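[1] build me a structure from this.
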Amino acid sequence: MKYLIMVLALAGCGEDTKHIVQCIAGCPGDAELLPVVGPPGADGEPGDTGATGEQGIEGVVGITGATGSIGATGPSGPASESGSDCTVVQATDGATIICEDGTIAPINNGTDGESGVIGVIDPCGAQATNGFDEILLRLHSGELFANYYDAARKRSGLVLIHPGSYITTDGTGCEFTVTQDLEVMW
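    Numbers count the residues shown, from 1 in each chain. As a prediction, the model looks like this:
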């Protein structure tokens, strides 16, 4: 069978068939035939792109670089001018500030302000039973503030009151009325 295939292969090759097959030990009987390697053929067409490979292992983080050097010191700014000394001279109506550069600043005393509280009103008179008597304060603006007492919490405070009827919280139960003109009546 080997010879038949070889004969067919040789029949199509022409006169140069002696270079295609070599015989081992002179080709007697059932000798084994070995192919002879010929010159390389032309390159074939490129094949399709293969599938993407698996993700490789993560690389090692590199070392931190050295700290850079400190930059050069910048130039100094321009020199400032020295300030001038000043003196305060007291006067009966205030004071005057006098500086070496010739600056003078007079400061006058202000006038006294008006009293904030112009009246104290004690509804029903002084009759507290617990040592704390609630009162009303009339301000210069005309407003009325009540000084109330919270016996349960033992504290007091001020509250702005308007026209209406009220009862003191100092334990006396005094009833009083504030009119539209902010007059207090009991």
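
[2] domain-wise, how is this protein divided?
    Domain assignment of the chain by automatic domain parsing yields the ranges 2-35, 85-111, 117-185.

[3] need the distance between the two termini of the last one.
    Its start and end residues considered, domain 117-185 measures 19 Å (Cα to Cα, to the nearest Å).

[4] for beta bridges, what are the partners of L160?
    In this structure, L160 bridges to F145 when assessed by DSSP bridges.

[5] so it touches N147, yeah?
    No: contact criterion Cβ atoms under 8 Å: L160 and N147 do not qualify, at 11.7 Å. From N, CA and C alone the C-beta is placed, and that goes for glycine too.

[6] if you count what's nearby, which of these two comes out ahead?
    In this comparison of L160 against N147, neighbours counted by other Cβ atoms under 10 Å, the higher total goes to N147 at 17 against 9.

[7] how close does the more buried one get to S80?
    For N147, the distance to S80 equals 57 Å [Cβ to Cβ, to the nearest Å].

[8] quick revisit: tell me which of the domains of the chain is the most buried.
    Across the domains of the chain, the average number of neighbours (mean count of other Cβ atoms under 10 Å) peaks for domain 117-185, which reaches a mean of 14.

[9] now that one: average pLDDT?
    When pLDDT is averaged along domain 117-185, the result is 86.
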